[in-house]
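Undergrad: Pasting the sequence and the predicted coordinates here, then a few questions.
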Amino acid sequence: MGLKSALFEMKEALLNQKVGRSEQDFIRELEDKNQLNAGTLIFYFNNLMMLSMNSSELANQSLDDSKKVNRKWTKTEVEFMFQYINERQEEGALNITEILEEVAQLLTRGYQSVNYKYYSLMKAKNKKEVSNQNAYQFITISDNEVPVVSTEVIRDSASEQQVIQAKPSEDNDLLDILSGLITNVQQLPGINLNELLRSLYQLTNMALQNQDAVQQVASMKTEINLEKEAIREQLMKKEQQFIQEKKRNDELQLEVAKLAKEITAFNKLGDAAKIQQLKSYNQRLNYIIDSFGVVLQVSS
């Protein structure tokens, strides 16, 4: 017996229109039956009454329009959720998951939507508390402690609140969109929300892996291009060396041909002329040719 059973009985009575003529008597009987303090259920009764009326209007609209209606969170629903959570925890309920599931059933919402709304609001609340703790605070000092008249700086709380709430407004719009998306997906037949989110998560992982693969391919192309440039430079150096060697070989071949002609002419001379020219030939015959046609240097 307690708040949970009282509210679920209240919601069932509202849906089946079994409240009776006197709403006060109905509320008082529920409070006595579930051992609740007087006046505890008035807030919940009014909110559940409004919720049942809104639900019937949405049901009538859905008959005329085949599209799903994106049901945004109202301020009343948020207040209902937090007050119910606080009072259930005061009763001794410590499992927040079970409490959020109860809220989802009472508000006729999906559990994922309630869970997301609760934790996003708690996160925003914690950020605001941290920013307020880091803010400067000015206090007055009594005249007895210092010999001057103290002053107190009063900050413009209205303008400060506007600045703080400027950014959360955009976040709230995104949260409402995501909350409505989760609610609509849960209402669509044949779609598993967990499987849908898991598939989206896998797709993002595959996209990241593809991005890494593209980067690896690009780095491999860069390495290959660098290797090609290095090989091209080596080939150019070898080609230059070959040209230089060929030029040097051609010059030596000319020298050898010239020397051969001189030797032929020397052999045609007589003995006396050979003796006279021997000294000059000995100075010029510095190269010989081996059996393979390679020019060898004899002396310098």
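TA: That came through, no problem. If you're wondering where the values come from, they're calculated on a predicted model, not measured in any experiment. Numbering: from 1, shown residues only.
Undergrad: Every contact and neighbour count from this point should use C-alpha atoms.
TA: Fine.
Undergrad: All the strands of the protein, residue numbers only.
TA: With DSSP state E as the criterion, the chain has strands at 287-289, 295-297.
Undergrad: Go through those strands and find the least confident stretch.
TA: Comparing mean pLDDT across the strands of the chain, the weakest is strand 287-289, with a mean of 52.
Undergrad: what's the distance between residue 16 and residue 242?
TA: 103 Å (CA to CA, to the nearest Å).
Undergrad: which one of those two has more residues nearby?
TA: Comparing residue 16 with residue 242 by neighbour count (other CA atoms under 10 Å), the higher total belongs to residue 242, at 12 against 9.
Undergrad: what's near enough to touch that one?
TA: By CA atoms under 8 Å, 6 or more residues apart in numbering, residue 242 lies in contact with nothing.
Undergrad: again with residue 81
TA: Neighbouring residues of residue 81 by CA under 8 Å, 6+ apart: residue 103.
Undergrad: and this structure, what are its domains?
TA: 3-137+156-189, 210-297 (automatic domain parsing).
Undergrad: which of these is buried the deepest?
TA: domain 3-137+156-189 (a mean of 14; mean count of other CA atoms under 10 Å).
Undergrad: tell me which helix or strand of this structure sits lowest on mean pLDDT?
TA: strand 287-289 (a mean of 52; mean pLDDT, DSSP states H and E).
Undergrad: Check what contacts stretch 193-205 and list those residues.
TA: Here stretch 193-205 has contacts from 182, 185, 186, using CA under 8 Å, 6+ apart.
Undergrad: Arrange those residues in CSV, one row each, with pLDDT and distance to residue 45 as further columns.
TA: Below are the contacts of stretch 193-205 laid out as CSV (pLDDT from 0 to 100; distance: CA to CA, whole Å):
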residue, pLDDT, distance to residue 45
182, 78, 27
185, 74, 29
186, 70, 27
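Undergrad: Relative to residue 4, which of those is nearest.
TA: residue 186 (24.3 Å; CA to CA).
Undergrad: can you tell me how far that closest one sits from residue 211?
TA: Distance from residue 186 to residue 211, counting by CA to CA: 32 Å.
Undergrad: same deal with residue 89?
TA: 47 Å.
Undergrad: ok, now residue 46?
TA: Taking CA to CA, one finds residue 46 at 54 Å from residue 211.
Undergrad: what does residue 111 give?
TA: Distance from residue 111 to residue 211, by CA to CA: 35 Å.
Undergrad: try residue 228
TA: For residue 228 relative to residue 211 (CA to CA), the value is 26 Å.
Undergrad: Flag the shaky bits of the stretch 201-300 of the chain, pLDDT-wise.
TA: Low-confidence segments of the stretch 201-300 of the chain (pLDDT under 70): 279-300.
Undergrad: From one end of stretch 26-43 to the other, what's the distance?
TA: The first and final residues of stretch 26-43 sit 14 Å from each other (CA to CA).
Undergrad: ok, and what's touching it?
TA: With CA under 8 Å, 6+ apart, stretch 26-43 has contacts from 1, 2, 3, 5, 6, 7, 10, 19, 20, 45.
Undergrad: Show me how far that stretch is from its chain's centre.
TA: Relative to its parent chain, stretch 26-43 has a centroid offset of 49 Å by CA atoms, centre = their mean, to the nearest Å.
Undergrad: Could you tell me how many residues sit around residue 199?
TA: 12.
Undergrad: Can you give me the distance of it to residue 208?
TA: Taking CA to CA, one finds residue 199 at 14 Å from residue 208.
Undergrad: swap in residue 254?
TA: According to CA to CA, residue 254 stands 69 Å off from residue 208.
Undergrad: rewinding a little: which ones among the contacts of stretch 193-205 are found in helices?
TA: Under the assignment DSSP state H, the contacts of stretch 193-205 contribute 182, 185, 186 to helices.
Undergrad: Export those as JSON lines, with columns for distance to residue 100.
TA: Below are these laid out as JSON lines (distance: CA to CA, whole Å):
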{"residue": "182", "distance to residue 100": "15"}
{"residue": "185", "distance to residue 100": "19"}
{"residue": "186", "distance to residue 100": "16"}
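Undergrad: Identify, from those, the entry nearest to residue 119.
TA: Using CA to CA, the ones in helices among the contacts of stretch 193-205 come closest to residue 119 at residue 182, 14.7 Å.
Undergrad: If you drop the residues flanking it in sequence, what lies closest to that closest one?
TA: residue 113 (6.0 Å; CA to CA, 6 or more residues apart in numbering).
Undergrad: Residue 106 and residue 44: what is the separation?
TA: Using CA to CA, residue 106 is found at 10 Å from residue 44.
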